[in-house]
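Asker: Fold the following for me, if possible:
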Amino acid sequence: MIGALVIFAAGILMIMQVSGALTTQMRYAGVRSQIVALANEQVDSIESAPFDSINAGISEDTVTVQGWEYRRMVSVTALTPVLARVEVELIRVDSMGPSHSVTSYTSAVW
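Answerer: Predicted coordinates:
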């Protein structure tokens, strides 16, 4: 009887540990989805602008996603007079947790 209770208690403790890890993974998945959307929205915003209005350079700001602070860096590099590379990177300020970066290219109409 006591042996069965010990095995039952050990099983409950293992389930509680797995539950905590699963909760953390689900939160990371939700955050990752949001930062991917933020990065892609930024790229789409730049790509939809007229090419002549896109300025090469780097900008940086901080955004909050589900209570976590992220540094967002947007870099636009002119590769030729009609082609530019757009890079957006979101990195946790405290370096723990998911991050995301995306690179795209935009060009003038030929």
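Asker: From here on, just use CA atoms for contacts and neighbour counts.
Answerer: Will do.
Asker: Give me the buried positions along the longest strand anywhere in the chain.
Answerer: Longest strand of the chain, by residue count under DSSP state E: strand 68-80. Neighbour-count burial for strand 68-80 flags E69, Y70, R71, R72, M73, V74, S75, V76, T77, A78 (criterion: 16 or more other CA atoms under 10 Å).
Asker: what's the closest of those residues to S45?
Answerer: V74 (11.6 Å; CA to CA).
Asker: Quick check: bridge partners of that closest one?
Answerer: Beta bridges link V74 to S59, V88 when assigned by DSSP bridges.
Asker: how about the strands of the chain, start to end?
Answerer: 57-65, 68-80, 83-92, 100-107.
Asker: Kindly format the C-alpha coordinates of the last one as PDB.
Answerer: Read it as strand 100-107. The C-alpha coordinates for strand 100-107 follow below in PDB (Å, rounded to 0.1, in the frame of the first residue of the first chain):
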ATOM      1  CA  HIS A 100      13.800  36.200 -34.800                       C
ATOM      2  CA  SER A 101      15.400  37.800 -37.900                       C
ATOM      3  CA  VAL A 102      14.300  38.100 -41.500                       C
ATOM      4  CA  THR A 103      16.100  39.400 -44.600                       C
ATOM      5  CA  SER A 104      14.400  40.500 -47.800                       C
ATOM      6  CA  TYR A 105      15.200  42.500 -50.900                       C
ATOM      7  CA  THR A 106      13.400  45.400 -52.500                       C
ATOM      8  CA  SER A 107      13.900  47.000 -55.800                       C
END
